[in-house]
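> show me how the following folds:
(2 chains)
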Amino acid sequence: MFKSYLIKRRIYNFKSNRRAFWSLIIFILLFVISIFSEIIANERPLIVNYKSKLYFPILNFYSEKTFGGDFKTEAIYKDIEVQCLIISGGNNQCWDEPEIQLKKNSSNSNNEKGWILWPPIPYSYNTINDLNGAAPSPPDKNHWLGTDDTSRDVLARIIYGFRLSIFFAIVVTLISSVIGIIAGAVQGFFGGWIDLIFQRIIEVWGATPSLYIIIIVAAILQMNFWLLVILMSLFSWTALVGVVRAEFLRARNFEYVRAAKALGVPNLKIMYRHILPNAMVATLTMLPFIITGAIGSLAALDFIGYGLPSSYPSLGELTLQAKNNLQAPWLGFSAFFTFAIMLSLLVFIFEGLRDAFDPRKIFK
Amino acid sequence: MIDNVLSVKNLSISFTENNKVKKVLHNSSFSIKRGTTLSLVGESGSGKSITSLAIVSLLPKNAVLKGSIIFNQNELTNLNEVELQKIRGNKISFIFQEPMTSLNPLHTIEKQIGESLSFHQNLFGQARKFKVLELLKKVKISNPETRLLDYPHQLSGGQKQRVMIAMALANKPDLLIADEPTTSLDITIEKEIISLLMEIKKTENMSIIFITHNLRVVREISDEVCVMQNGKIIERGITNNIFNNPKSIYTKKLLNSEPKGFKAKITSESKCILEVKNLKVWFPIKRGFLKRTKGYIKAVNSISFNIHKNETLGIVGESGSGKTSVALAILKLIKSEGIIVFQNHNLKQLSNIENLWFRRNAQIIFQDPYGSLSPKMTIEEIIGEGLDIHEKHDNNVRHKMICNVLSEVGLEKNMVSRFPHEFSGGQRQRIAIARALILKPSLLILDEPTSALDVSIQLQVIKLLQSLQNKYSLSYIFISHDIALIRSVSDKIIIMDKGEIVEQGNTRSLFLNPKSNYAKSLIYASNLD
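Residues are numbered from 1 along each chain as shown, chains lettered A, B, ... in the order given. All right, here's what the predicted structure looks like:
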């Protein structure tokens, strides 16, 4: 079988590139972890046992009243009083002397005793912590990578920020590849005037300073994730047009395309079934540039303050804080290593992928 | 036997790939005397080219060579790279098949030819230029003085091959190895190049090893012939003996595969299915700032003909004569002017539904069986593609139809799930025929359907096409550059040159009594029996 043989050969080629293969495994591991950020870093407990009943605060809303408190608002699990209420099973004395009550409860064992299961990192990306010292605080046993200048946990922000960056890059890449491939295919396949006009439009479009447009839009509209995705896609789809167009231009005169035309196969089907598979390899070589470009652009925009609002867990914003707080080097180091590792992994993976698709490359 | 320029004894070549040893040449021996021509004949993959490369040690690194090659009393297999360099391009010269790619596009003719003069004879400056001119005169290039500073793209295919010959002659070689030197050339130019080679052989007292698959050429030029098959020399001997009294079965088969004679006449006069009047395919030449049309390349200029049911129309001509443009224009794959009437419908005024009907009834088979099948689709997908557009069937019926058409073209039913790369050239061409046939067309355009195939396969494909024609009363437009082949398959014939019809008529009367000079020269050049 040709298809399975090709795929097998490509997988084999990819695997024989050790660096790319391990990069992929590490990257998948990191990404899977970051997908479950809510379980790993959250200010709400995973499971609460209150009066022998289980509660799942990361999934559901529970008011303080649920645990014998006074407020109808959501229980603030970080408060020592709430923790005392849960563990002691709603003991009223918790309001006055929670520390003593907590100690008492841990020593005696009655049936009413509850417990709280915290995530490994009991802070979310936007949790503002009470610190003894000034923010940003250096790494310690509570905050493994320290806190930033609004006393939020850096590790939690990195985990969420990693996910956001990758997700942003994937969505932007997906949108711009789809637009780019369609535009390139139409230009290459039909050629002539359509090609000529689209080429000029793309030239003008490509010369537009995208950064200024984004800054202007940011000044008018409240920036959010999807708006930024749309703005970025608007300017990155042109990257693929050239290669896809060239492939279609070449392949539209292939004999099997002519034969399909002579059979009466409609143009759309010819483009999709006969020519697109040829263009996929060229597309694949361009993808890493779009992905790393998207991550870099997001970071850059956040760094200059025109990207996502500060409520988002942004790695670029962390970098900006590092610049503003040179006395807190853990911020800089964290940001640097996150970017370095993330981008290197991606580059290694795509390098391996590109080589695996290259029919002329010989692997031992 | 001092007169032997080259003698090869017990030469075996094998390749090792992925720990597998593949033998491509078995125990071959032959020798060639000074001033004679030896032809190596065989179909593709028979080991002709590898033998010639082995003589000058130009084999790939993973090749293992056994046996001895003695050239002018020197054992070539023992020489090192430096000593071989002195022989290659000096005492043994090469001419390759493809003149387009054998010349460096960035160097002038003078530099191309002069390079080996500088390297082997230490000639520079005026002396070199003088020598280059002398060589160009020897290969009879017109206006050699003005050609010196030309680049390869300014020369025609025949002229390029002449330049290649000049390069090969530069150092007065004892042996010239010509690897299919005329295969990519038109037939009249082929004739010229071959007579040039023969003339030079005589004047320089040079030996030639001529590698080809073309038996007619072999018969004309060679003193001795080696017939090769699957890496073995099957038969060896004096040319006339081999042609008149072949011993091995393979040689007989090869000789019988050559297209001969005329097509048996179909008597009944039937209705006209395609009528073409004043067909023009003009490509505009656009120049200047506003891309205004300054003129036209007239690929096809005012051509008229018609085809009846169950009839084959042969279109013959050299490359660039507009044969393929006619085919594409009839199928509306390129723009054209003029009137094309297909089964009483004017093709310029078809509705969408009529257009679909037309697409179904007129099909084309292309020249290159490797390019005309989508490499990423299975045979079932390829053959079924047209079916899905024109008829809707459930999967069982569809599968059955595909199997039927496959057995019709002589392929196995279990091949449906395979991919094109698993098939040989001849099988691929059968698949292409099956793809067209499943729609039951009434007109099939065959654009050089066999020119990429070996002669014995060509014969099989032609036989298949003829039996299909008789069975389904198909009409064919058969396009080819091979005069003998066209003569053996077509009822009517059109000879084209530079986009125009030179001569047109019944095959037999046209061949027996050609009127125009061009037709005469074409028929003369193809050495018909």
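> kindly format the C-alpha coordinates of the host helix or strand of B:Val21 as CSV.
According to DSSP states H and E, B:Val21 maps onto strand B:20-33. What follows is strand B:20-33, C-alpha atoms only, in CSV (Å, rounded to 0.1, in the frame of the first residue of the first chain):
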residue,chain,number,x,y,z
LYS,B,20,20.4,-7.0,-0.7
VAL,B,21,22.6,-7.8,-3.7
LYS,B,22,21.0,-7.1,-7.0
LYS,B,23,22.8,-8.3,-10.1
VAL,B,24,22.3,-6.0,-13.1
LEU,B,25,24.8,-7.5,-15.5
HIS,B,26,25.8,-11.1,-15.9
ASN,B,27,29.0,-12.3,-17.3
SER,B,28,29.0,-10.2,-20.4
SER,B,29,31.7,-10.3,-23.0
PHE,B,30,32.1,-8.3,-26.2
SER,B,31,34.8,-6.6,-28.2
ILE,B,32,34.9,-3.9,-30.8
LYS,B,33,37.4,-3.4,-33.6
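> show me what the next helix or strand after it is packed up against.
For strand B:20-33, the following helix or strand on the C-terminal side (DSSP H and E) is strand B:37-41. Packing contacts for strand B:37-41, counted by 3 or more CB pairs under 8 Å, 6 or more residues apart in numbering or on different chains; DSSP states H and E, involve helix B:48-55, strand B:207-212, helix B:215-221, strand B:224-229. The C-beta positions use only the backbone N, C-alpha and C, and glycine is treated the same way.
> run me through the strand neighbours of strand B:37-41, direction for each.
Here strand B:37-41 has these sheet partners by DSSP bridges: strand B:207-212 (parallel), strand B:224-229 (parallel).
> now the stretch 401-529 of chain B against chain A: closest residue?
The nearest approach of the stretch 401-529 of chain B to chain A comes at B:Phe419, 3.4 Å away (CB to the nearest CB).
> wait, that residue sits on B:Ile379?
Yes: taking CB atoms under 8 Å as the definition, B:Phe419 is a contact partner of B:Ile379 at 7.5 Å.
> neighbour-wise, which of the two wins?
Each of B:Phe419 and B:Ile379 has its neighbours counted (other CB atoms under 10 Å in any protein chain shown); B:Ile379 has more, 24 against 20.
> residues near the closest residue to B:Ser526 other than its chain neighbours, how many?
Excluding its sequence neighbours, the residue lying closest to B:Ser526 (CB to CB, 6 or more residues apart in numbering or on different chains) is B:Ile483, at 4.0 Å. Using other CB under 10 Å, B:Ile483 has 23 other residues around it.
> was I right to think B:Ile483 contacts B:Leu528?
Yes: contact criterion CB under 8 Å: B:Ile483 and B:Leu528 qualify, at 6.8 Å.
> for the stretch 101-250 of chain A, which segments are assigned as helices?
A:154-190, A:192-207, A:210-220, A:225-236, A:238-251 (DSSP state H, counting those that start in this stretch).
> in CSV, list these along with mean neighbour count, mean pLDDT and distance to chain B.
Shown next, in CSV, are the helices of the stretch 101-250 of chain A (neighbours: other CB atoms under 10 Å in any protein chain shown; pLDDT from 0 to 100; distance: least, CB to the nearest CB, whole Å):
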stretch, mean neighbour count, mean pLDDT, distance to chain B
helix A:154-190, 21, 92, 14
helix A:192-207, 12, 90, 10
helix A:210-220, 13, 87, 32
helix A:225-236, 18, 90, 28
helix A:238-251, 21, 89, 10
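> make JSON lines out of those and add distance to B:Leu25.
Listed next are the helices of the stretch 101-250 of chain A as JSON lines, based on distance: least, CB to CB, whole Å:
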{"stretch": "helix A:154-190", "distance to B:Leu25": "45"}
{"stretch": "helix A:192-207", "distance to B:Leu25": "50"}
{"stretch": "helix A:210-220", "distance to B:Leu25": "62"}
{"stretch": "helix A:225-236", "distance to B:Leu25": "56"}
{"stretch": "helix A:238-251", "distance to B:Leu25": "37"}
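> so which residues of chain A form strands?
Taking DSSP state E to define them, one finds strands in chain A at A:47-50, A:53-55, A:115-117.
> quick check: which of those is nearest to B:Ser372?
strand A:47-50 (65.0 Å; CB to CB).
> chain A contacts on the stretch 251-400 of chain B?
B:328, B:331, B:333, B:355-356, B:359-360, B:362-364, B:366-368, B:371-377, B:385-386, B:389-390 (CB under 8 Å from any CB of the partner chain).
> drop anything exposed from these.
Neighbour-count burial (16 or more other CB atoms under 10 Å in any protein chain shown) is assigned, among these, to B:328, B:331, B:333, B:359-360, B:362-364, B:366-368, B:371-377, B:385-386, B:389-390.
> state the distance from B:His26 to B:Asn230.
8 Å (CB to CB, to the nearest Å).
> shouldn't B:Ser102 be in contact with B:Ala168?
No: assessed by CB under 8 Å, B:Ser102 is found out of contact with B:Ala168, at 10.4 Å.
> okay, those two: which has more neighbours?
Taking B:Ser102 and B:Ala168 together and counting by other CB under 10 Å, B:Ala168 has the greater number of neighbours (26 against 17).
> now find how far off-centre whatever helix or strand B:Ser68 lives in is within its chain.
Here B:Ser68 sits within strand B:63-71, counting by DSSP H and E. The chain centroid and the centroid of strand B:63-71 are separated by 31 Å under CA atoms, centre = their mean, to the nearest Å.
> following the chain onward from that strand, which element is next?
Sequence order places strand B:74-75 as the next helix or strand after strand B:63-71, per DSSP H and E.
> counting by contacts, list what that following strand packs against.
Partner elements for strand B:74-75 (3+ CB pairs under 8 Å, 6+ apart): none found.
> what lies in contact with that strand?
B:68-69, B:87 (CB atoms under 8 Å, 6 or more residues apart in numbering or on different chains).
> what comes up buried for the next helix or strand after it?
Going down the chain from strand B:74-75, the next helix or strand is helix B:81-87, by DSSP H and E. Across helix B:81-87, burial judged by 16+ other CB under 10 Å covers B:Ile87.
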